[in-house]
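Enquirer: Got a sequence here, can you build the structure:
(chains A, B, C and D)
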2 protein chains.
Amino acid sequence: MSGGVKPKTPKRTAVATPDPDGRAMGTTERVAEIIRQGIRTSQFVPGQHLVEIDLTQRLQISRSSLREALRHLNGDGIVSMGRYRGTHICRLDRRAIDDLLEVLEQLVSLAARRATKAPLEKRRLLDAAVEASGKSLNGVDNGNPMLVRQTFYDTLFEISGNDELPRVTPLSRADLFRAQIRPYQSHEEQRKHAEGYGLIAQAVLSGDPVKAEAAVRAHFEATRQMVDRLPPQAVE
Amino acid sequence: MSGGVKPKTPKRTAVATPDPDGRAMGTTERVAEIIRQGIRTSQFVPGQHLVEIDLTQRLQISRSSLREALRHLNGDGIVSMGRYRGTHICRLDRRAIDDLLEVLEQLVSLAARRATKAPLEKRRLLDAAVEASGKSLNGVDNGNPMLVRQTFYDTLFEISGNDELPRVTPLSRADLFRAQIRPYQSHEEQRKHAEGYGLIAQAVLSGDPVKAEAAVRAHFEATRQMVDRLPPQAVE
DNA sequence: CCAGATGAAATCGTCAGACGATATTGACGA
DNA sequence: TCGTCAATATCGTCTGACGATTTCATCTGG
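Expert: Predicted structure coming up:
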(Lines give C-alpha, C1' and ligand atoms only; values in the text may rest on other atoms or scores of the structure.)
Protein backbone atom coordinates (compact mmCIF):
# COMPACT_ATOMS: atom_id res chain seq x y z
CA MET A 1 0.00 0.00 0.00
CA SER A 2 2.39 2.66 1.21
CA GLY A 3 5.04 1.29 -1.11
CA GLY A 4 3.89 3.50 -3.97
CA VAL A 5 6.95 4.65 -5.83
CA LYS A 6 5.50 7.95 -6.92
CA PRO A 7 4.43 10.44 -4.26
CA LYS A 8 2.46 12.07 -7.02
CA THR A 9 2.19 15.65 -5.89
CA PRO A 10 -1.36 17.03 -6.21
CA LYS A 11 -0.52 18.10 -9.78
CA ARG A 12 -2.50 21.27 -9.95
CA THR A 13 -4.58 20.72 -13.05
CA ALA A 14 -5.04 24.26 -14.16
CA VAL A 15 -8.65 23.99 -15.15
CA ALA A 16 -9.48 27.54 -16.08
CA THR A 17 -8.97 29.65 -13.01
CA PRO A 18 -11.65 32.29 -12.52
CA ASP A 19 -10.06 35.73 -12.66
CA PRO A 20 -10.67 38.62 -10.27
CA ASP A 21 -13.41 39.93 -12.55
CA GLY A 22 -15.18 36.62 -12.41
CA ARG A 23 -14.57 35.56 -15.99
CA ALA A 24 -12.78 32.30 -16.66
CA MET A 25 -9.25 32.80 -17.93
CA GLY A 26 -6.72 30.42 -19.38
CA THR A 27 -3.18 30.46 -18.09
CA THR A 28 -1.87 32.15 -21.20
CA GLU A 29 -4.34 35.00 -21.09
CA ARG A 30 -3.81 35.42 -17.38
CA VAL A 31 -0.05 35.61 -17.67
CA ALA A 32 -0.24 38.06 -20.58
CA GLU A 33 -2.50 40.27 -18.50
CA ILE A 34 -0.13 40.07 -15.54
CA ILE A 35 2.72 41.31 -17.68
CA ARG A 36 0.64 44.08 -19.22
CA GLN A 37 -0.43 45.12 -15.75
CA GLY A 38 3.19 44.92 -14.66
CA ILE A 39 4.08 47.44 -17.33
CA ARG A 40 1.38 49.81 -16.15
CA THR A 41 2.61 49.56 -12.57
CA SER A 42 6.28 49.86 -13.50
CA GLN A 43 7.07 46.39 -12.24
CA PHE A 44 8.38 45.93 -15.73
CA VAL A 45 10.03 48.81 -17.56
CA PRO A 46 10.65 49.31 -21.29
CA GLY A 47 13.91 47.70 -22.32
CA GLN A 48 13.84 45.18 -19.51
CA HIS A 49 14.97 41.65 -20.24
CA LEU A 50 12.38 39.02 -19.38
CA VAL A 51 14.17 35.79 -18.50
CA GLU A 52 11.86 32.85 -19.07
CA ILE A 53 13.06 30.68 -16.20
CA ASP A 54 12.67 33.61 -13.81
CA LEU A 55 9.09 34.22 -14.83
CA THR A 56 8.10 30.58 -14.76
CA GLN A 57 9.28 30.42 -11.16
CA ARG A 58 7.72 33.71 -10.15
CA LEU A 59 4.36 32.91 -11.74
CA GLN A 60 4.46 29.18 -11.04
CA ILE A 61 3.76 28.13 -14.58
CA SER A 62 5.49 26.01 -17.18
CA ARG A 63 7.73 27.41 -19.86
CA SER A 64 5.25 26.32 -22.55
CA SER A 65 2.47 28.42 -21.10
CA LEU A 66 4.77 31.35 -20.51
CA ARG A 67 6.03 31.26 -24.06
CA GLU A 68 2.49 31.21 -25.41
CA ALA A 69 1.79 34.32 -23.38
CA LEU A 70 4.99 35.99 -24.57
CA ARG A 71 4.12 35.11 -28.13
CA HIS A 72 0.77 36.82 -27.64
CA LEU A 73 2.44 39.95 -26.31
CA ASN A 74 4.95 39.78 -29.13
CA GLY A 75 2.10 39.89 -31.61
CA ASP A 76 0.78 43.01 -29.89
CA GLY A 77 4.16 44.69 -30.15
CA ILE A 78 4.66 44.71 -26.38
CA VAL A 79 7.76 42.56 -26.27
CA SER A 80 10.40 41.69 -28.83
CA MET A 81 11.69 38.15 -29.00
CA GLY A 82 15.11 37.58 -30.52
CA ARG A 83 16.69 34.20 -30.89
CA TYR A 84 19.28 33.62 -28.14
CA ARG A 85 18.96 37.27 -27.22
CA GLY A 86 15.78 36.79 -25.29
CA THR A 87 12.55 38.62 -24.72
CA HIS A 88 12.60 42.33 -23.95
CA ILE A 89 9.91 44.87 -23.14
CA CYS A 90 9.79 47.12 -26.20
CA ARG A 91 11.25 50.58 -26.12
CA LEU A 92 9.70 53.14 -28.48
CA ASP A 93 11.80 55.73 -30.22
CA ARG A 94 10.48 59.13 -31.27
CA ARG A 95 9.49 57.83 -34.66
CA ALA A 96 7.53 54.91 -33.23
CA ILE A 97 5.77 57.24 -30.81
CA ASP A 98 4.75 59.62 -33.59
CA ASP A 99 3.40 56.75 -35.67
CA LEU A 100 1.60 55.28 -32.68
CA LEU A 101 -0.08 58.56 -31.76
CA GLU A 102 -1.21 59.14 -35.31
CA VAL A 103 -2.89 55.74 -35.48
CA LEU A 104 -4.35 56.07 -32.01
CA GLU A 105 -5.82 59.44 -32.89
CA GLN A 106 -7.68 57.95 -35.83
CA LEU A 107 -9.11 55.08 -33.85
CA VAL A 108 -10.05 57.08 -30.78
CA SER A 109 -11.68 59.66 -33.03
CA LEU A 110 -13.81 56.97 -34.55
CA ALA A 111 -14.70 55.64 -31.12
CA ALA A 112 -15.67 59.10 -29.88
CA ARG A 113 -17.79 59.82 -32.93
CA ARG A 114 -19.65 56.57 -32.56
CA ALA A 115 -19.99 57.01 -28.82
CA THR A 116 -21.97 60.22 -29.31
CA LYS A 117 -24.73 58.11 -30.78
CA ALA A 118 -24.89 55.70 -27.88
CA PRO A 119 -27.86 55.83 -25.49
CA LEU A 120 -27.61 58.61 -22.95
CA GLU A 121 -27.23 56.33 -19.94
CA LYS A 122 -24.18 54.74 -21.53
CA ARG A 123 -22.63 58.09 -22.26
CA ARG A 124 -23.13 59.02 -18.64
CA LEU A 125 -21.02 56.02 -17.70
CA LEU A 126 -18.06 57.56 -19.49
CA ASP A 127 -18.49 60.87 -17.73
CA ALA A 128 -18.79 59.08 -14.41
CA ALA A 129 -15.55 57.19 -15.02
CA VAL A 130 -13.74 60.44 -15.68
CA GLU A 131 -15.32 62.11 -12.68
CA ALA A 132 -13.96 59.40 -10.44
CA SER A 133 -10.57 59.83 -12.03
CA GLY A 134 -10.57 63.58 -11.48
CA LYS A 135 -11.26 63.07 -7.80
CA SER A 136 -8.53 60.51 -7.35
CA LEU A 137 -6.03 62.85 -8.95
CA ASN A 138 -6.98 65.96 -7.00
CA GLY A 139 -7.26 64.14 -3.75
CA VAL A 140 -4.30 63.12 -1.64
CA ASP A 141 -4.75 59.48 -2.44
CA ASN A 142 -3.11 59.46 -5.82
CA GLY A 143 -5.14 56.93 -7.78
CA ASN A 144 -3.03 55.21 -10.38
CA PRO A 145 -3.29 57.39 -13.50
CA MET A 146 -2.68 54.35 -15.70
CA LEU A 147 -5.73 52.64 -14.26
CA VAL A 148 -7.80 55.76 -14.87
CA ARG A 149 -6.62 55.87 -18.45
CA GLN A 150 -7.47 52.23 -18.98
CA THR A 151 -10.94 52.63 -17.53
CA PHE A 152 -11.60 55.66 -19.72
CA TYR A 153 -10.62 53.93 -22.93
CA ASP A 154 -12.31 50.66 -22.03
CA THR A 155 -15.54 52.52 -21.38
CA LEU A 156 -15.23 54.62 -24.52
CA PHE A 157 -14.72 51.56 -26.71
CA GLU A 158 -17.45 49.72 -24.90
CA ILE A 159 -20.06 52.37 -25.57
CA SER A 160 -18.79 52.95 -29.10
CA GLY A 161 -20.38 49.61 -29.90
CA ASN A 162 -17.72 48.59 -32.41
CA ASP A 163 -16.19 45.28 -31.35
CA GLU A 164 -13.30 45.60 -33.75
CA LEU A 165 -12.01 48.80 -32.18
CA PRO A 166 -10.73 47.36 -28.90
CA ARG A 167 -9.20 44.51 -30.84
CA VAL A 168 -7.05 46.65 -33.11
CA THR A 169 -6.40 49.71 -31.00
CA PRO A 170 -2.85 49.48 -29.69
CA LEU A 171 -3.70 50.55 -26.17
CA SER A 172 -1.05 48.27 -24.72
CA ARG A 173 1.57 49.96 -26.84
CA ALA A 174 0.26 53.26 -25.57
CA ASP A 175 0.80 51.91 -22.06
CA LEU A 176 4.36 51.25 -23.11
CA PHE A 177 4.68 54.82 -24.27
CA ARG A 178 3.22 56.13 -21.03
CA ALA A 179 5.52 53.97 -18.93
CA GLN A 180 8.50 55.13 -20.90
CA ILE A 181 7.88 58.85 -20.51
CA ARG A 182 6.50 58.70 -16.98
CA PRO A 183 9.81 59.57 -15.27
CA TYR A 184 9.96 62.79 -17.29
CA GLN A 185 6.42 63.97 -16.64
CA SER A 186 5.48 66.41 -13.94
CA HIS A 187 2.42 65.96 -11.79
CA GLU A 188 0.98 69.07 -13.41
CA GLU A 189 1.33 67.53 -16.86
CA GLN A 190 -0.45 64.40 -15.72
CA ARG A 191 -3.30 66.48 -14.34
CA LYS A 192 -3.54 68.41 -17.59
CA HIS A 193 -3.66 65.17 -19.50
CA ALA A 194 -6.46 63.80 -17.34
CA GLU A 195 -8.40 66.99 -18.04
CA GLY A 196 -8.29 66.03 -21.69
CA TYR A 197 -10.22 62.89 -20.87
CA GLY A 198 -12.82 65.03 -19.13
CA LEU A 199 -13.23 67.27 -22.17
CA ILE A 200 -13.63 64.28 -24.44
CA ALA A 201 -16.17 62.74 -22.09
CA GLN A 202 -18.19 65.96 -21.98
CA ALA A 203 -18.12 66.28 -25.75
CA VAL A 204 -19.33 62.71 -26.10
CA LEU A 205 -22.02 63.38 -23.55
CA SER A 206 -23.19 66.39 -25.56
CA GLY A 207 -23.98 64.06 -28.44
CA ASP A 208 -22.26 66.17 -31.07
CA PRO A 209 -19.90 63.97 -33.09
CA VAL A 210 -18.00 66.94 -34.54
CA LYS A 211 -17.36 68.33 -31.09
CA ALA A 212 -16.31 64.90 -29.82
CA GLU A 213 -13.85 64.40 -32.63
CA ALA A 214 -12.46 67.90 -32.11
CA ALA A 215 -11.89 67.14 -28.44
CA VAL A 216 -9.98 63.99 -29.34
CA ARG A 217 -7.84 65.81 -31.90
CA ALA A 218 -7.04 68.53 -29.39
CA HIS A 219 -6.10 65.94 -26.81
CA PHE A 220 -3.68 64.23 -29.16
CA GLU A 221 -2.28 67.51 -30.36
CA ALA A 222 -1.49 68.37 -26.76
CA THR A 223 0.10 64.97 -26.30
CA ARG A 224 2.30 65.54 -29.33
CA GLN A 225 3.45 68.86 -28.01
CA MET A 226 4.22 67.22 -24.69
CA VAL A 227 6.32 64.63 -26.51
CA ASP A 228 8.20 67.37 -28.31
CA ARG A 229 9.15 68.92 -25.00
CA LEU A 230 10.50 65.61 -23.71
CA PRO A 231 14.26 65.26 -23.19
CA PRO A 232 15.86 63.18 -25.94
CA GLN A 233 16.81 60.30 -23.68
CA ALA A 234 13.14 59.76 -22.91
CA VAL A 235 12.52 58.78 -26.51
CA GLU A 236 15.74 56.84 -27.13
CA MET B 1 32.27 1.19 -29.54
CA SER B 2 29.50 0.44 -31.96
CA GLY B 3 27.34 -0.54 -29.06
CA GLY B 4 25.88 2.93 -28.74
CA VAL B 5 22.40 2.55 -27.35
CA LYS B 6 20.93 5.62 -29.02
CA PRO B 7 20.76 5.75 -32.82
CA LYS B 8 20.27 9.46 -32.35
CA THR B 9 18.41 10.52 -35.47
CA PRO B 10 19.86 13.68 -37.06
CA LYS B 11 17.62 15.77 -34.85
CA ARG B 12 16.91 18.65 -37.17
CA THR B 13 17.90 21.62 -35.10
CA ALA B 14 15.67 24.27 -36.58
CA VAL B 15 18.14 27.10 -36.64
CA ALA B 16 16.12 29.85 -38.29
CA THR B 17 15.20 28.68 -41.78
CA PRO B 18 15.55 31.35 -44.44
CA ASP B 19 12.16 32.08 -45.94
CA PRO B 20 11.34 32.45 -49.64
CA ASP B 21 11.89 36.19 -49.43
CA GLY B 22 15.34 35.68 -48.00
CA ARG B 23 14.64 36.90 -44.50
CA ALA B 24 15.27 34.58 -41.59
CA MET B 25 12.10 33.28 -39.98
CA GLY B 26 11.45 31.40 -36.80
CA THR B 27 9.25 28.35 -36.85
CA THR B 28 6.38 30.15 -35.17
CA GLU B 29 6.32 33.02 -37.60
CA ARG B 30 6.65 30.65 -40.52
CA VAL B 31 3.75 28.46 -39.41
CA ALA B 32 1.53 31.46 -38.75
CA GLU B 33 2.27 32.72 -42.24
CA ILE B 34 1.50 29.31 -43.73
CA ILE B 35 -1.92 29.33 -42.10
CA ARG B 36 -2.64 32.90 -43.15
CA GLN B 37 -1.63 32.00 -46.68
CA GLY B 38 -3.78 28.89 -46.43
CA ILE B 39 -6.77 31.08 -45.69
CA ARG B 40 -6.07 33.25 -48.72
CA THR B 41 -5.83 30.19 -50.94
CA SER B 42 -8.88 28.50 -49.43
CA GLN B 43 -6.86 25.60 -48.09
CA PHE B 44 -8.42 26.64 -44.83
CA VAL B 45 -11.95 28.00 -44.74
CA PRO B 46 -13.72 30.06 -42.06
CA GLY B 47 -15.25 27.80 -39.45
CA GLN B 48 -12.80 24.99 -40.07
CA HIS B 49 -11.51 23.03 -37.09
CA LEU B 50 -7.72 22.98 -36.86
CA VAL B 51 -6.65 19.79 -35.11
CA GLU B 52 -3.26 20.24 -33.52
CA ILE B 53 -1.94 16.74 -34.07
CA ASP B 54 -2.91 16.92 -37.74
CA LEU B 55 -1.06 20.16 -38.28
CA THR B 56 2.05 19.06 -36.40
CA GLN B 57 2.28 16.07 -38.71
CA ARG B 58 1.51 17.99 -41.87
CA LEU B 59 3.98 20.75 -41.08
CA GLN B 60 6.53 18.55 -39.33
CA ILE B 61 6.78 20.63 -36.22
CA SER B 62 6.25 20.09 -32.54
CA ARG B 63 3.05 20.87 -30.76
CA SER B 64 4.76 23.61 -28.73
CA SER B 65 5.77 25.52 -31.84
CA LEU B 66 2.38 25.03 -33.42
CA ARG B 67 0.60 26.29 -30.36
CA GLU B 68 2.78 29.39 -30.25
CA ALA B 69 1.80 30.07 -33.84
CA LEU B 70 -1.88 29.48 -33.09
CA ARG B 71 -1.62 31.79 -30.10
CA HIS B 72 -0.24 34.46 -32.39
CA LEU B 73 -3.11 34.03 -34.84
CA ASN B 74 -5.53 34.01 -31.93
CA GLY B 75 -4.23 37.41 -30.88
CA ASP B 76 -4.87 38.70 -34.40
CA GLY B 77 -8.43 37.41 -34.31
CA ILE B 78 -7.80 34.86 -37.05
CA VAL B 79 -8.57 31.77 -35.02
CA SER B 80 -10.57 31.18 -31.86
CA MET B 81 -9.24 28.80 -29.25
CA GLY B 82 -11.73 27.25 -26.88
CA ARG B 83 -10.78 24.90 -24.11
CA TYR B 84 -11.50 21.31 -25.13
CA ARG B 85 -13.37 22.63 -28.14
CA GLY B 86 -10.26 23.28 -30.13
CA THR B 87 -9.00 25.88 -32.55
CA HIS B 88 -11.25 27.12 -35.34
CA ILE B 89 -10.77 29.55 -38.19
CA CYS B 90 -12.94 32.52 -37.26
CA ARG B 91 -16.23 33.15 -39.01
CA LEU B 92 -17.44 36.75 -39.17
CA ASP B 93 -21.08 37.64 -38.84
CA ARG B 94 -22.63 40.72 -40.41
CA ARG B 95 -22.00 42.79 -37.34
CA ALA B 96 -18.32 41.83 -37.19
CA ILE B 97 -17.93 42.63 -40.87
CA ASP B 98 -19.50 46.06 -40.47
CA ASP B 99 -17.22 46.83 -37.54
CA LEU B 100 -14.21 45.53 -39.41
CA LEU B 101 -14.90 47.62 -42.51
CA GLU B 102 -15.41 50.74 -40.46
CA VAL B 103 -12.05 50.35 -38.74
CA LEU B 104 -10.31 49.38 -41.95
CA GLU B 105 -11.69 52.45 -43.68
CA GLN B 106 -10.17 54.72 -41.06
CA LEU B 107 -6.76 53.12 -41.24
CA VAL B 108 -6.59 52.85 -44.99
CA SER B 109 -7.72 56.47 -45.26
CA LEU B 110 -4.85 57.49 -43.06
CA ALA B 111 -2.44 55.42 -45.12
CA ALA B 112 -3.68 56.93 -48.37
CA ARG B 113 -3.46 60.47 -47.05
CA ARG B 114 0.09 59.93 -45.88
CA ALA B 115 1.02 58.15 -49.08
CA THR B 116 0.21 61.22 -51.15
CA LYS B 117 3.15 62.93 -49.51
CA ALA B 118 5.63 60.17 -50.32
CA PRO B 119 8.28 60.75 -53.01
CA LEU B 120 6.96 60.37 -56.52
CA GLU B 121 8.96 57.24 -57.35
CA LYS B 122 7.42 55.47 -54.39
CA ARG B 123 3.91 56.45 -55.42
CA ARG B 124 4.64 55.07 -58.86
CA LEU B 125 5.34 51.71 -57.21
CA LEU B 126 1.77 51.57 -55.98
CA ASP B 127 0.38 52.37 -59.40
CA ALA B 128 2.64 49.74 -60.94
CA ALA B 129 1.40 47.11 -58.48
CA VAL B 130 -2.19 47.86 -59.44
CA GLU B 131 -1.36 47.88 -63.15
CA ALA B 132 0.04 44.39 -62.86
CA SER B 133 -3.07 43.33 -60.99
CA GLY B 134 -5.35 44.74 -63.66
CA LYS B 135 -3.56 42.75 -66.31
CA SER B 136 -3.71 39.53 -64.39
CA LEU B 137 -7.43 39.95 -63.88
CA ASN B 138 -8.31 40.85 -67.47
CA GLY B 139 -6.07 38.19 -68.93
CA VAL B 140 -6.99 34.57 -69.10
CA ASP B 141 -4.48 33.62 -66.49
CA ASN B 142 -6.49 34.54 -63.44
CA GLY B 143 -3.90 35.87 -61.02
CA ASN B 144 -4.95 35.25 -57.45
CA PRO B 145 -7.03 38.29 -56.47
CA MET B 146 -6.05 37.80 -52.85
CA LEU B 147 -2.38 38.11 -53.74
CA VAL B 148 -3.11 41.27 -55.67
CA ARG B 149 -4.97 42.71 -52.73
CA GLN B 150 -2.13 41.88 -50.38
CA THR B 151 0.44 43.47 -52.65
CA PHE B 152 -1.64 46.61 -52.96
CA TYR B 153 -2.05 47.07 -49.23
CA ASP B 154 1.53 46.12 -48.42
CA THR B 155 2.77 48.70 -50.89
CA LEU B 156 0.35 51.35 -49.66
CA PHE B 157 1.41 50.89 -46.03
CA GLU B 158 5.04 50.73 -47.03
CA ILE B 159 4.97 54.08 -48.79
CA SER B 160 2.76 55.63 -46.13
CA GLY B 161 5.84 55.57 -43.95
CA ASN B 162 3.97 54.85 -40.73
CA ASP B 163 5.31 51.65 -39.16
CA GLU B 164 2.40 51.35 -36.76
CA LEU B 165 -0.17 51.08 -39.53
CA PRO B 166 0.74 47.61 -40.82
CA ARG B 167 0.98 46.44 -37.24
CA VAL B 168 -2.54 47.40 -36.23
CA THR B 169 -4.44 47.14 -39.48
CA PRO B 170 -6.47 43.93 -39.40
CA LEU B 171 -5.61 42.89 -42.93
CA SER B 172 -5.61 39.24 -41.97
CA ARG B 173 -9.14 39.57 -40.67
CA ALA B 174 -10.04 41.23 -43.95
CA ASP B 175 -8.61 38.14 -45.66
CA LEU B 176 -10.98 36.15 -43.52
CA PHE B 177 -13.86 38.30 -44.68
CA ARG B 178 -12.82 37.92 -48.32
CA ALA B 179 -12.48 34.17 -48.00
CA GLN B 180 -15.88 33.95 -46.41
CA ILE B 181 -17.75 35.86 -49.09
CA ARG B 182 -15.74 34.57 -52.03
CA PRO B 183 -18.20 31.83 -52.97
CA TYR B 184 -20.93 34.43 -53.34
CA GLN B 185 -19.02 36.91 -55.47
CA SER B 186 -19.23 37.05 -59.23
CA HIS B 187 -16.20 37.57 -61.39
CA GLU B 188 -17.64 40.93 -62.39
CA GLU B 189 -17.81 42.03 -58.79
CA GLN B 190 -14.19 41.06 -58.26
CA ARG B 191 -13.17 43.08 -61.29
CA LYS B 192 -15.12 46.08 -60.05
CA HIS B 193 -13.42 45.76 -56.69
CA ALA B 194 -9.97 45.67 -58.27
CA GLU B 195 -10.85 48.84 -60.15
CA GLY B 196 -11.27 50.50 -56.78
CA TYR B 197 -7.62 49.79 -56.02
CA GLY B 198 -6.72 51.45 -59.30
CA LEU B 199 -8.70 54.57 -58.45
CA ILE B 200 -7.06 54.80 -55.05
CA ALA B 201 -3.63 54.33 -56.59
CA GLN B 202 -4.27 57.09 -59.11
CA ALA B 203 -5.53 59.44 -56.44
CA VAL B 204 -2.44 58.76 -54.36
CA LEU B 205 -0.28 59.32 -57.41
CA SER B 206 -1.95 62.69 -57.99
CA GLY B 207 -0.61 63.83 -54.65
CA ASP B 208 -3.91 65.25 -53.45
CA PRO B 209 -4.70 63.88 -49.98
CA VAL B 210 -8.36 64.91 -50.15
CA LYS B 211 -8.81 63.07 -53.42
CA ALA B 212 -6.99 60.03 -52.06
CA GLU B 213 -9.16 59.86 -48.98
CA ALA B 214 -12.29 60.29 -51.09
CA ALA B 215 -11.21 57.37 -53.26
CA VAL B 216 -10.78 55.19 -50.21
CA ARG B 217 -14.15 56.17 -48.78
CA ALA B 218 -15.83 55.43 -52.10
CA HIS B 219 -14.12 52.05 -52.25
CA PHE B 220 -15.34 51.08 -48.83
CA GLU B 221 -18.80 52.42 -49.50
CA ALA B 222 -18.97 50.15 -52.53
CA THR B 223 -17.76 47.25 -50.43
CA ARG B 224 -20.49 47.88 -47.88
CA GLN B 225 -23.13 47.90 -50.57
CA MET B 226 -21.73 44.66 -51.89
CA VAL B 227 -22.01 43.17 -48.41
CA ASP B 228 -25.63 44.29 -48.20
CA ARG B 229 -26.41 42.40 -51.38
CA LEU B 230 -24.85 39.21 -50.03
CA PRO B 231 -27.16 36.29 -49.19
CA PRO B 232 -27.69 35.90 -45.45
CA GLN B 233 -25.86 32.59 -45.21
CA ALA B 234 -22.69 34.30 -46.42
CA VAL B 235 -22.60 36.40 -43.29
CA GLU B 236 -23.79 33.77 -40.81
C1' DC C 1 47.77 48.08 -16.36
C1' DC C 2 45.01 47.17 -20.37
C1' DA C 3 43.41 44.68 -24.75
C1' DG C 4 42.38 40.57 -26.88
C1' DA C 5 41.70 35.42 -26.55
C1' DT C 6 39.23 31.77 -24.30
C1' DG C 7 36.25 28.96 -21.84
C1' DA C 8 32.12 28.42 -18.89
C1' DA C 9 27.57 29.86 -17.82
C1' DA C 10 23.18 31.62 -19.19
C1' DT C 11 19.47 31.65 -22.20
C1' DC C 12 16.76 30.53 -26.10
C1' DG C 13 14.08 27.74 -29.69
C1' DT C 14 12.54 23.41 -30.48
C1' DC C 15 11.34 18.80 -29.60
C1' DA C 16 9.23 14.56 -27.24
C1' DG C 17 6.29 12.51 -24.09
C1' DA C 18 2.99 12.54 -20.38
C1' DC C 19 -1.41 13.39 -17.71
C1' DG C 20 -5.92 15.05 -16.26
C1' DA C 21 -10.14 17.11 -17.96
C1' DT C 22 -13.70 17.68 -21.08
C1' DA C 23 -16.32 17.45 -25.57
C1' DT C 24 -17.90 14.36 -28.93
C1' DT C 25 -19.36 10.27 -30.84
C1' DG C 26 -21.30 5.94 -31.39
C1' DA C 27 -23.32 1.80 -29.41
C1' DC C 28 -26.88 0.11 -26.68
C1' DG C 29 -31.26 -0.41 -24.39
C1' DA C 30 -36.02 1.40 -23.22
C1' DT D 1 -36.94 6.66 -32.21
C1' DC D 2 -34.80 8.74 -28.38
C1' DG D 3 -32.13 9.01 -24.24
C1' DT D 4 -28.11 6.94 -21.54
C1' DC D 5 -23.53 5.61 -21.07
C1' DA D 6 -18.92 4.32 -22.21
C1' DA D 7 -14.96 4.95 -25.45
C1' DT D 8 -12.48 8.11 -28.11
C1' DA D 9 -10.61 12.49 -29.57
C1' DT D 10 -8.69 16.66 -28.43
C1' DC D 11 -7.06 20.18 -25.55
C1' DG D 12 -4.31 22.77 -21.86
C1' DT D 13 -0.58 22.24 -19.12
C1' DC D 14 3.59 20.24 -17.24
C1' DT D 15 8.30 18.13 -17.21
C1' DG D 16 12.57 17.21 -19.10
C1' DA D 17 15.84 17.35 -22.65
C1' DC D 18 19.26 19.02 -26.34
C1' DG D 19 21.79 21.89 -29.66
C1' DA D 20 22.97 26.62 -30.74
C1' DT D 21 24.37 31.13 -29.58
C1' DT D 22 25.21 35.07 -26.84
C1' DT D 23 27.31 36.94 -22.66
C1' DC D 24 30.44 37.41 -19.27
C1' DA D 25 34.28 36.59 -16.46
C1' DT D 26 38.83 34.78 -16.53
C1' DC D 27 43.30 34.39 -18.30
C1' DT D 28 47.38 35.67 -20.97
C1' DG D 29 50.56 38.62 -23.53
C1' DG D 30 52.27 43.13 -24.50
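Enquirer: care to break chain A down by domain?
Expert: If you go by automatic domain parsing, the domain ranges for chain A are A:18-89, A:94-235.
Enquirer: Go through the ones you listed and name the closest to DNA strand C.
Expert: Closest to DNA strand C of those is domain A:18-89 (Cβ to the nearest atom of the strand; 3.4 Å). No exception for glycine: its C-beta is placed from N, CA and C like everyone else's.
Enquirer: where's the residue most central in space within chain A relative to A:Glu189, distance?
Expert: Note on chain A: the residue nearest the mean C-alpha position is A:Ser172, at 4.0 Å, using Cα atoms, centre = their mean. From A:Ser172 across to A:Glu189, the span is 22 Å (Cβ to Cβ, to the nearest Å).
Enquirer: What is the least confident helix or strand in chain A?
Expert: Least confident element among the helices and strands of chain A, by mean pLDDT, DSSP states H and E: strand A:17-18 (a mean of 45).
Enquirer: which helix in chain A runs the most residues?
Expert: Longest helix in chain A by number of residues (criterion: DSSP state H): helix A:94-115.
Enquirer: how far does that one sit from the chain's center?
Expert: 14 Å (Cα atoms, centre = their mean, to the nearest Å).
Enquirer: Give me the next element, helix or strand, following the host helix or strand of A:Ala128.
Expert: When elements are assigned from DSSP states H and E, A:Ala128 belongs to helix A:120-138. Counting by DSSP H and E, the element after helix A:120-138 in chain order, helix or strand, is helix A:145-160.
Enquirer: Mean confidence (pLDDT) on that next one, please.
Expert: What helix A:145-160 shows for mean pLDDT is 90.
Enquirer: Likewise for stretch A:164-180?
Expert: 97.
Enquirer: what distance separates it from the centre of its chain?
Expert: For stretch A:164-180, the distance to the chain centre is 5 Å (Cα atoms, centre = their mean).
Enquirer: Can that stretch be said to contact chain B?
Expert: Yes. Under the criterion of Cβ under 8 Å from any Cβ of the partner chain, chain B is reached by stretch A:164-180 at A:Glu164, A:Leu165, A:Arg167, A:Val168, A:Thr169, A:Pro170, A:Arg173.
Enquirer: State the pair within the residues you listed that is farthest apart.
Expert: Farthest-apart pair in those is A:Glu164 and A:Arg173; separation 17.1 Å (Cβ to Cβ).
Enquirer: Near DNA strand D, which residues of chain A are found?
Expert: A:12-14, A:26-28, A:60-65, A:68, A:83-85 (Cβ under 7 Å from any atom of the strand).
Enquirer: ok, of the residues you listed, which come out buried?
Expert: A:Gly26, A:Thr27, A:Thr28, A:Ile61, A:Ser65, A:Glu68 (16 or more other Cβ atoms under 10 Å in any protein chain shown).
Enquirer: Just the pLDDT for the fourth one.
Expert: In other words, A:Ile61. 96.
Enquirer: Does it touch A:Ile34 like I think?
Expert: No. Judged on Cβ atoms under 8 Å, A:Ile61 makes no contact with A:Ile34 at a distance of 10.0 Å.
Enquirer: so can I have a markdown table of the residues of stretch A:164-180 next to chain B showing neighbour count?
Expert: Listed next are these as a markdown table, based on neighbours: other Cβ atoms under 10 Å in any protein chain shown:
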| residue | neighbour count |
| --- | --- |
| A:Glu164 | 24 |
| A:Leu165 | 22 |
| A:Arg167 | 18 |
| A:Val168 | 23 |
| A:Thr169 | 22 |
| A:Pro170 | 19 |
| A:Arg173 | 23 |
